[in-house]
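> just a sequence and a predicted model for now, questions to come.
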Amino acid sequence: MPLELIETPPNFLHKPETGTIVLPVKGRDLWVRIAYPQIICLGKNYADHAKELGTTPPEEPLLFSKPASSLNQNGQPIIHPGRRFGRMDHEVELAVIIGKSARKTSATDAFSVIFGYSVVNDVTLRDMQGILKKQGYPWFLSKGFATFCPVGPVLVPKKDIDPSQLALECQVNDIVRQRGNTRDLVHPIPKLIEYISARIPLLPGDIIATGTPAGIGPLKPGDTVICRVEGIGDLINPVEGDFGKDLKNKK
């Protein structure tokens, strides 16, 4: 099942199967297992982030995706693939978890298909993304490496939180890098679900990463990154990687 409620904590919590995540449901003695979801992401959905990239927000939602194999748990390491891949960035975002199949769902009915909310870090190879853009290619590869989509620490049921005005923050080694609020989303959640479901059928367990505010910055091995969304909690991941091997290979 793509979205499954579990009544007892699973013994595979810390190392779930690739392409799956397991999240405790906040305030409940339940866990939710999400398997092989579509991960649909929003680009430049905060005006200040678009500005820091030297562009303007898109008139229509700008969609891209991450593979399910990039999913990562709270507490597990984000793996930098090596020095030759260049800069790797954090991006704190509110995640919307779909609970019902949705096709051509109106903005008015959008919340009826939502299961709940979590925090996502849309980890990105920034140098690679820039190269791909200049070549006119999609930037899917820069977003899709293993461990590049941490989600957590919990799932909050939709009735327990109002997603329209939540503070977001990202810290690296206890230094604040990003601050924002979902009230500043260029395209708010109901519009996103209407727009996406008119083009891509949504299924239970699918994840919508709603975009990141300004302040994106690099991560390196040894760092600890905390992505926080008000009312949900702290998604914490250490950063690992072995740059030494790349340096030896270049000699």
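Noted; the coordinates are in hand.
> return the helix or strand in this structure with minimum mean pLDDT.
helix 243-250 (a mean of 49; mean pLDDT, DSSP states H and E).
> whatever helix or strand Ile208 lives in: partners in the sheet, and parallel or antiparallel?
Of the helices and strands defined by DSSP states H and E, Ile208 is found in strand 207-209. Looking at strand 207-209 with DSSP bridges, its partner strands are strand 39-43 (parallel), strand 92-98 (antiparallel).
> those: which one's closest to Pro157?
strand 92-98 (9.6 Å; CB to CB). (Glycine included, C-beta is placed from N, CA and C.)
> quick check: angle from the helix or strand following that closest one to strand 39-43?
On the C-terminal side of strand 92-98, the closest following helix or strand by DSSP H and E is strand 114-121. Inter-element angle recorded for strand 114-121 and strand 39-43: 60 degrees (by axes from the mean of the first three to the mean of the last three CA atoms, to 10 degrees).
> quick one: strands adjacent to strand 114-121?
strand 92-98 (antiparallel), strand 149-157 (antiparallel).
> show me where the stretch 101-250 of the chain has its helices.
According to DSSP state H, counting those that start in this stretch, the stretch 101-250 of the chain carries its helices in the segments 126-134, 140-143, 189-197, 243-250.
> buried set for the second one?
I take that to be helix 140-143. For helix 140-143, the neighbour count (16 or more other CB atoms under 10 Å) marks Ser142, Lys143 as buried.
> does it pack against any helices or strands, and if so which?
Counting contacts by 3 or more CB pairs under 8 Å, 6 or more residues apart in numbering; DSSP states H and E, helix 140-143 packs against strand 62-66, strand 124-125, helix 126-134.
> pull the residues that contact that helix.
41, 64-66, 70, 122-126, 128-129, 132 (CB atoms under 8 Å, 6 or more residues apart in numbering).
> how does it look with 10 Å?
Here helix 140-143 makes contact (CB atoms under 10 Å, 6 or more residues apart in numbering) with 39, 41, 64-67, 70, 85-86, 88-89, 91, 122-133, 148-149, 209.
> gap between it and the chain center?
13 Å (CA atoms, centre = their mean, to the nearest Å).
> the chain should start at 11 in everything you say after this.
Okay, using 11 as the starting number, the last item reads as helix 150-153.
> dump the C-alpha coordinates for it into PDB.
The C-alpha trace of helix 150-153 is given here as PDB (Å, rounded to 0.1, in the frame of the first residue of the first chain):
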ATOM      1  CA  PHE A 150      16.000  16.500 -12.100                       C
ATOM      2  CA  LEU A 151      19.500  14.900 -11.600                       C
ATOM      3  CA  SER A 152      20.700  17.700  -9.300                       C
ATOM      4  CA  LYS A 153      17.700  16.900  -6.900                       C
END
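> pLDDT on it, on average?
Across helix 150-153, pLDDT averages out at 97.
> now the third one
Predicted confidence along helix 199-207 averages 98 (mean pLDDT).
> quick one: buried ones out of the contacts of helix 150-153?
49, 51, 74-77, 80, 95-96, 98-99, 101, 132-139, 142, 158-159, 219.
> which non-adjacent residue is nearest Ile44?
Excluding its sequence neighbours, the residue lying closest to Ile44 (CB to CB, 6 or more residues apart in numbering) is Gly215, at 4.5 Å.
> next, count neighbours for the one you found.
Neighbours of Gly215 under the rule other CB atoms under 10 Å: 23.
> and it, what is it in contact with?
11-14, 30-31, 42-48, 78, 107-109, 125.
> so Arg43 touches Thr30, yeah?
Yes: between Arg43 and Thr30 there is a contact at 6.3 Å, judged by CB atoms under 10 Å.
> quick one: the spatially closest residue to Leu73 that is not a sequence neighbour from Leu15, how far?
Using CB to CB, 6+ apart and skipping the chain neighbours, the partner closest in space to Leu73 is Ile50 (6.0 Å). Taking CB to CB, to the nearest Å as the measure, Ile50 falls 23 Å from Leu15.
> which one's more surrounded, the two?
Set Ile50 next to Leu15 and count neighbours by other CB under 10 Å: Ile50 wins out with 21 against 12.
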